Structures are given as C-alpha cells and as structure tokens.
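A.B. asks: Fold the following for me, if possible:
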Amino acid sequence: MSLFFCKLLDPQSEGEISSYLVSQIIFCARGPSSTPLSCCWAFTTSRPSMLLNQQNDKTPSGKLQYEVLYQCQVFRCENQDAIYRILLSFANAFRRTANNQSVNSRRTTSIISNAIQATVAQLQQQTASNSNQLPSNLQIFDGTIKFRCFLDIKEENTDSKGNVTLISAPRPEKNVFNLRKNIRKNVSVTLQQIRGTPLNIERCFGLLLAQGRNVRASDMQLLDLETMGKSDDNRSYGVRGYWNPLARAFKDLIHLNEETSKGARVFLTIALDVVISGISEPVRFVIEAKARITEINKSNDTNSQDISDTIWSSFKKVTPFTEEFDMIVKQVSSKSSHQDQVYEVVQLESKTEAERRAKFERLSSRITNNTGEDDNDDIIISGFGHVSKECDADVLNNWNEILIKWRKNYNERPNGLQILVQKGIPEALRCEVWQLLAGSVKDEKEMIDTYRYLLTKESSSERIIINDLNRTFPAHEYFKEQGGIGQEALYKLSRAYSVRDEEVGYCQGVSFVIATILIHMPEEQAFMLLCKLMEDERYLLRLMYKANFENLQMKFYQLNCLIEENLPDIYAHFYDLKVECHMFASQWFLTLFTAKFPLYVVFRIMDIFLYEGFNAIFAVALSLLKCNQKDLLSLDFEGVMRFFRVNLPKKYLCEDHADELIQAACSMKLNIKKLKRYEKEYLTRRAEEEQKQTPLQRLEVDNKRLTENCMRSEFENEMLALELVNDRIKLKERLHQADDHIETLTRELEATKLIVRQSEELAIRLNEQLQHTREAFRDTCDDLQQAQKSVHDYKQICSQLNNQLDKHKEKYIQKMEFIHTKCCESCKSLIYSPPPSNVSTPERETSNNNLNEDDLPSVIPSDVANRLHRVEIELAEKKLALTQALCDNQELTRKLQRTTSMMSDSDTISISSIRSNNQNSSGSWLSKTVNSIKEATNSSNRTKVN
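C.D. replies: Model (predicted):
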C-alpha cells in the first residue's frame, strides 16, 4: 500500500490488477468473528461518474454536475492474521483530504452481520464546487477545541424465559467497569464537541480495544462495528461495536476475560478513529478505563432498562463514563490546488492525561536520585534470605573436575565453566570460584601487606562509612550486631579502599557489594576481590562511583536504548508516564542488585556478573522488565515506582522464580557493538551540548551548578550543626549519667575497701588463732604420747600382777591340798574355807569366770586384795585420762580444719561468734564424754568396794 493508492497485485506476477485512491476509500471492515464470514473483508470506495445528458449537465448556477458511484470490494483470506494486518495497514496509511463535496445531512452506515456488504442509505448530493476555484469562506479554527466522549459497555443477559437483552455493566467506582467473564458485550462511544469552531465528523474509521494503558496500535483489536452515525440533533457522533471475548481475535486479551483477584483492577483502552473534514489524517481519541472481571455466578449485576442507541439519555440513573479531550490544530500547506484548506492536529490530550502529566511534573520535582531511600511500605530488608549450603554430589563432582584443571592454570578458564556458573555456584565453593573468576588470587602477599598498611591511614569518608554500617545488610546475622565482627570488617574494608582510591573515596552503594563479598571470605581476600571489581577492565566499577556519576548516566542511556530496542511496549509506557531509568535502575547499578533483593538472587547475579562482566547487569535489568512486562503495563506512575520498590523484590523470594530470572538473563544476548555505539552516541551528544553552549551559557551552567553545590553545602552545614547540637545535648546527658555512675562506683569502692580491711583483720586474727591451735594440738599430741606410754606401762604391770597372782594361786592351792591331807578333821573344820575363787582384774575378768569376787577376800589375803584394788583404780584413772586426751585431740583436729576453711574462704564471721560456737559445741560434747566415763568409773569403784 503506497502513500496515496491502494493497489491490488497478482500474487504470482506481482502485476497491478487495480488501484484506488486512498482518499476515495470510505469504509473497510471484516466479517463477524465466530462465523463463516470471519475470513472475509471488504472496503467501499466512491468515484465520480461520467457527465449526465446535456439537458441536465448543468446546475442552475451554471456549474457542471457529477454523479458519484459507490463500489464495495469483497475479498476472502483464510489467514486471520493477514486480514488483521491489512486492516491495520488501512488504519495507518489512510490519508484523506477534504474533497469538493460537503455532506450536510446525517449519513448512517451499517454492516450487516449476515454478509459483508456496505449499504449507503439516504445519501443526498449537493452541488459540487469548481475544482479550479478555492472556496470563498475559509474555515478558521479559533483557539482550543474541546470534545467530550461518553463510554458505555453493555453485556448480554438472558432472563428466565430465554430472552436476551443488553444491560449496562455496573460501575461500583467512578471509572471502573464490573464485567463478567465469557459474556458477549457491546461497546458504545459517543463523541460530542462542546467548545471551539464546529467541526464536521464525516465517518468512523474504526473502534479498537486493548488491555493495559499506553499500548501500541499493533496491540489493539478491531471491534466489529454494528452502527455509527450522527444523532438526530447533529450534536454528537455515536459508534457501537461488538465484542466477543471468546472469539479467536481476542485470545490475546486474556486479562480482560479472566477473573481478577480481590481488590485488583485491570486497565483497558478503547480507541475511536474518526475522519474530520478539513483535517488531513484520521484523529484517534483514546479512552482509558479500569475493569474488574468476575465469574458469571459471582456477578451482582441487576437487570436494567435497555436504552436507545442515543446513549446517555437524560433518564438514565447511572452517571455516564465521560472523558474530555483538548485539541490544538494548525494550518498546513495544501499539496494540490483543488484541495480546500488543510489542518493538522498538533496536540490531542485527554483530561486524565493532563492531570497525570501535571501530577508527574510535581512528583518529578521532588524525586531525587537516592539509592538509600527508606519507605514505610513493607519492603524486604537488605541481607534477607537463607542460602542453603547443601548441594548434589554430581554437581560437586563436576565442580571438582573444573577446579582441578583451573588450579593448574589460573589464566585460562576451563571448558564447561560457563554452564556451571549459569546453573549456580555451590555456596561452599563461592569463596574460591569468585576469586578465580575475578583473577584476584595473584600477588596475594603484596595485596595483604597493602591492605594492612592502608588500615593505618586516616580516611576523609570515615563519618559516612560509620553511618552506613547499620544500614548495610541489617537482616543478616553477620552484620546485625552493632560493633560486631561483621560491621568491624565492613568498616575496615570500606575505609581501606577509600584511602587507596582517593578519587572515588567512598560511595554508599559500594558497602552492599563489600558486604556480599565478606559473607563468603575473610577481609584480606575480600579486599583483593574488591580491588579487582573496581579496577579490572571487565568491571571498572570505580568509574561508576566517581563523584560526577558521568559513567552511571551513560549506563542509564545505554539501558534506555536497550529497552527501546528490546521492549518497545515498556519503553512507550515509561515514556508516557515520565518514568526514567535513573528512577529505578540507579540502585540496581550502584549496588549490583544487592540492596533490596533476597540473598539467593543476589548471589546468583554476582555469579554471572563475575563471569561475564557488567553486561550481565544489563541482561538482568532487561530480564526483570521483560518478566514483569504484563504487570508494569497495567500500572500508573505511582504503581510502577511502588512495584519496583516493594513488589518486584518480593516476587523473587521463591527460588524457582529466581532461577527463571537468571536463565532469562543468561539467554539474553546483548550486542557489544551496539553498546559501544550507544556509548559513543551519548558522548557525542554531551560534546555537542557543550559546544552549543556559549561562554555565557557555560558560565550560567557553572553558576547554577556552583549555586546548587553551595545550597547543598549549606544544607549539609545546617544538618551538621543540628547534628552537632544534638550530639552536644546527648553528650551532656551522658556526662551527667557518667557522673552519677562515678558517684555510685565510688560508694561501692569505699564499701569494698572496708570489707577488704575487715577481711584482712579477720585473716590476721584467724592466723593467730591457727597458731595457737597448732601449739595446743602439739601439746595435746605430746600428752597423748605420754598417756599411751602410761597405758603401755599399766599393761605391763597388769601382766606382771597376773603372773604373780597365778603363782600365789598355785602355791595357795598346793598349801590347801597339803593341809587337807595332813591335818585332822577338827583342824580341817577350823582352817577349811570354801573353794577359792578367781580375783577380778581388768585383764582377767572374762577368763576367770569360775571365781566369785565376793569370795576373793576369803581366798586372797587382804594386803594382796588391797593392792589389787589400788591397781584397778589407777588403771581406771589412766583409762579416763587416755579417753579425755583422745577427745581433746579430736576436738583440736576439728578446730584446725574449721580454721583452715574459714581462712581460705575469707569469711566475714566474727571471731567471737566462732569462738563461742566452738566452745559451746566442744564443751557440750567433751563434758558429756567425760561425765559418762567418770560415772562408769565411780560405779566400778563402788562395786569393788562393796
């Protein structure tokens, strides 16, 4: 299809069969869907006929009169997509200028659903103006032209009798239609001009439907038109189309025919293309609305009265859905002498778009490029997530083979490494593999010495580093504790590199990268890997962290070009919403996706980044946008920003989604030459902008920049002054608290000193008592030895007395036997006495049981008996002395043990209480023992005396 002609070509020879001026095509359409005629399409043309007979060839004004003929061309094509592309070509290429005719009356065009026929009824011809003359009264457009558009969506409803009626879809909210799933619908649009020079709407070129907002023309689906035409009062133009969600043509509009979740809404876009007299191209009015899709049995629709085709009549109870449009036109030169004055639409903007644009401008003035932005939404805290260290044995075996080859030659990556990296490096091997990928294993000793030397230097960014410690990975156990090992390592590493690279210093985003590295390796090795990421040609992160962020701006430009090339829908949507790359990608690039995403995703992205370089970051960014394209296209500005901030990181809490993202990023091939070209384009633009600036403009720019720096410095000074005041107040409070604490500690110290002095005095007294006790113990031991010696002597005496007693007994018995044999009976009676009994002695009481003690005086002489009694008494006294000595010995031993324990424990018990307790306990025990022995001795003595 050329610019001015529609040509029909032979498919074999490609020769021209026929051609039609595009300006002569009145209407084009296709057959109703889900019918045998769906593969047919047609268009209607008009052309002037030959002159009439000579009698009627002139009008009363003397001008020639032409007859207009209308033809309908019908075609058949089995390929539905081809028909769609043909109709779309008509919509894009249609260029109709105002002809010499003007239609003053209402023209109604209808397409009969049983066949593709165009019926033009009630056409009244008016006198044609001379083609060689320009009209005397030119149409002048004064100011802004305003239109009001009314939208209504009706759904088929079947009552209990089987009658099918159309009822308007309810709107529980102002701009939200409550639609039912799998129900055929009618879409009615009425266009009315309410301000400006009146325009003549000749016809409707098409009614289209699409899901989402800011969609491309190719994403829209033509609706089958049922009726179109002006109202009876010629004040409005109405179009009604047929929409069957189950038709094949609408299979891609899945969001408009599937149940939406609770509280969710989907955007829908309806476009109306009309041809206006005097305007060179068709004008498209785009209406944006929202819809909520429900199941049939869940619908709460109620039957409503079917109103006439003139929609939004005054008796309708529901407030109609309206949208207002402001149109600005300008005059353009006519390309042919026979054409009337032609105008071009400069701007056509809806009221909703104007309000949104104004809101975006206000928001854009407040939005700053702040990567550490805090929000009250329930966002994922950095460092959140658990990464399992478990791994399959086969995977570990494969990595073992790779590492064995790699350790032999660090400069050459083994074959098969890329596939393993894309599948994910095992958590236990990331420390070694990351260093090997970056090449940071060389010159280890030199780098460690450098790191230790840098730690001795002072850093100008120390205050900022300290402030960022608690903000970096607060959800991770290693960095959670304030002043812990993790924060200490993070502080040292950030400080060391800020000293090493003074041009870059410290940037807030780099702390997240450092924390990611520190999780897997010691700080010395982490410093070596960080230096590689900053300075190696494959990464060169230091360029991105420079103070002017020039390299970061260039990467935003490259990402924007990549989005335009690979994701044109999102590019157009973001362009309309005024969403720029730096609003969502600054944190991605500066932190390498480590700030907001779960750790599992962070580590996987770091795997492919270390393998491929910074191109992997572009691939991940494009994959994120591509995987979430459907959601992003249905959101407004605030929704898009909230989606990037809250919903997008939460979506990848599931490891399966994270794996899909990484695989999509790995499969996305980026053209390195195009990236280089985009870089050159950006640098060229910047150079041209700088060259175009006059010296005065440059000075103004420098002045503006210096003013901004001055304002920023003043603001920082104010913040520092406020912080200083707050710190002073806090310091005074801490000083008061410290003074109170010092007083408390002083009192406690004095009390402790007093206790120590008392303990020392007690220890001295206990030592003295211990010495006395030891001396008494030695004296008691000496007495005990003497008592034992006396007992031994007593035993010897007792054994000697027993021997003498035995001898006297034998002699006595012999004498008695002699007397018994020698004496007479009378002498026997005088001198005879009872049989002798054994004398009771302490040693022989048990052996001489046959002798009676009562008979002892009669048997043993009195002097012997008295001596024996005295010996027994002495023996009892010796036993008593021995027992008392043993008791004293035991008591002294106990006293010695107690004294030793008291000295070792430094007990604060007073000596007087100890001495009284010991005397009471020992006195009671000793007195009882001695009294019992004395009583036993006295009873024995009394018995013997008796």
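A.B. asks: As a check, name the ranges of all helices in the stretch 601-750 of the chain.
C.D. replies: Taking DSSP state H, counting those that start in this stretch as the test, the helices found in the stretch 601-750 of the chain are 615-627, 629-633, 637-642, 648-651, 655-667, 672-692, 695-822.
A.B. asks: from these, which stretch is densest packed?
C.D. replies: helix 615-627 (a mean of 21; mean count of other Cβ atoms under 10 Å). (C-beta placed from N, C-alpha, C; glycine too.)
A.B. asks: relative orientation of it and helix 672-692 in degrees?
C.D. replies: 100 degrees (axes from the mean of the first three to the mean of the last three Cα atoms, to 10 degrees).
A.B. asks: And the contacts of helix 615-627?
C.D. replies: 558-559, 562-563, 566-567, 570, 585, 588-589, 592-593, 605, 608-609, 612, 632, 648, 660-662, 664-666, 668, 670, 672, 675 (Cβ atoms under 8 Å, 6 or more residues apart in numbering).
A.B. asks: Which residue lies closest in space to residue 267, excluding its sequence neighbours?
C.D. replies: In this structure, residue 267 finds its nearest non-sequential neighbour in residue 213, 4.6 Å apart by Cβ to Cβ, 6 or more residues apart in numbering.
A.B. asks: typed the wrong thing, it's residue 223
C.D. replies: residue 241 (3.2 Å).
A.B. asks: Ok, residue 388 next?
C.D. replies: residue 427 (7.0 Å).
A.B. asks: what about residue 587, how many residues close to it?
C.D. replies: Counted with other Cβ atoms under 10 Å, residues neighbouring residue 587 total 23.
A.B. asks: Correct me if wrong: it contacts residue 509.
C.D. replies: Yes: taking Cβ atoms under 8 Å as the definition, residue 587 is a contact partner of residue 509 at 7.4 Å.
A.B. asks: List the buried residues of the longest strand seen in the chain.
C.D. replies: If you go by DSSP state E, the chain has its longest strand at strand 145-158. By neighbour count on 16 or more other Cβ atoms under 10 Å, the buried set for strand 145-158 is 145, 147-155, 157.
A.B. asks: for that strand, packing partners?
C.D. replies: Secondary-structure packing of strand 145-158 (3 or more Cβ pairs under 8 Å, 6 or more residues apart in numbering; DSSP states H and E): strand 164-168, strand 176-180, strand 185-195, strand 283-294, strand 321-332.
A.B. asks: Tell me which of those strands sits nearest to residue 26.
C.D. replies: The minimum distance between residue 26 and the helices and strands packed on strand 145-158 falls on strand 283-294, with 16.7 Å, by Cβ to Cβ.
A.B. asks: Show me what that closest one is packed up against.
C.D. replies: By 3+ Cβ pairs under 8 Å, 6+ apart, strand 283-294 packs against strand 145-158, strand 176-180, strand 266-276, strand 321-332, strand 342-350.
A.B. asks: Tabulate those (CSV), appending distance to residue 388 and mean pLDDT.
C.D. replies: CSV is the format used below for the helices and strands packed on strand 283-294 (distance: least, Cβ to Cβ, whole Å; pLDDT from 0 to 100):
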stretch, distance to residue 388, mean pLDDT
strand 145-158, 51, 90
strand 176-180, 44, 89
strand 266-276, 38, 90
strand 321-332, 53, 86
strand 342-350, 52, 84
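A.B. asks: Redo those strands as CSV? Include distance to residue 166.
C.D. replies: Compiled in CSV, those are given as follows (distance: least, Cβ to Cβ, whole Å):
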stretch, distance to residue 166
strand 145-158, 4
strand 176-180, 13
strand 266-276, 17
strand 321-332, 16
strand 342-350, 27
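A.B. asks: quick one, which of these is nearest to residue 293?
C.D. replies: Using Cβ to Cβ, the nearest of the helices and strands packed on strand 283-294 to residue 293 is strand 176-180, at 5.5 Å.
A.B. asks: so when I look at residue 547, I'm seeing a helix, right?
C.D. replies: No: assessed with DSSP: H, G, I helix; E, B strand; the rest coil, residue 547 is coil; it does not lie in a helix.
A.B. asks: OK, contacts around it?
C.D. replies: With Cβ under 8 Å, 6+ apart, residue 547 has these contacts: 504-505.
A.B. asks: State the pLDDT value of it.
C.D. replies: Model confidence at residue 547, given as pLDDT, is 70.
A.B. asks: got it, and residue 933?
C.D. replies: 58.
A.B. asks: cool, residue 75 as well?
C.D. replies: So, for residue 75, pLDDT stands at 84.
A.B. asks: Residue 660 too?
C.D. replies: Value for residue 660, per-residue pLDDT: 91.
A.B. asks: quick one: it and residue 666, what's the gap?
C.D. replies: 11 Å (Cβ to Cβ, to the nearest Å).
A.B. asks: likewise residue 325?
C.D. replies: 46 Å.
A.B. asks: Next, residue 239: phi, psi?
C.D. replies: phi -130, psi 140 (degrees, to the nearest 10).
A.B. asks: what about it, neighbour count?
C.D. replies: By other Cβ under 10 Å, 23 other residues sit near residue 239.
A.B. asks: Adjust the sequence numbering to begin at 369 for everything that follows.
C.D. replies: Sure thing, new numbering starts at 369, so read that last one as residue 607.
A.B. asks: and it, what does it touch?
C.D. replies: Residue 607 neighbours (Cβ under 8 Å, 6+ apart): 556-559, 572, 575, 593, 595-596, 640.
A.B. asks: And the helices of the stretch 969-1118 of the chain: which comes nearest residue 655?
C.D. replies: Closest to residue 655 of these, according to Cβ to Cβ: helix 997-1001, at 16.9 Å.
A.B. asks: Now do the closest one: everything it contacts.
C.D. replies: So helix 997-1001 is in contact with 580-583, 623, 635, 935, 937-938, 941, 993, 1008, 1011, 1015, going by Cβ under 8 Å, 6+ apart.
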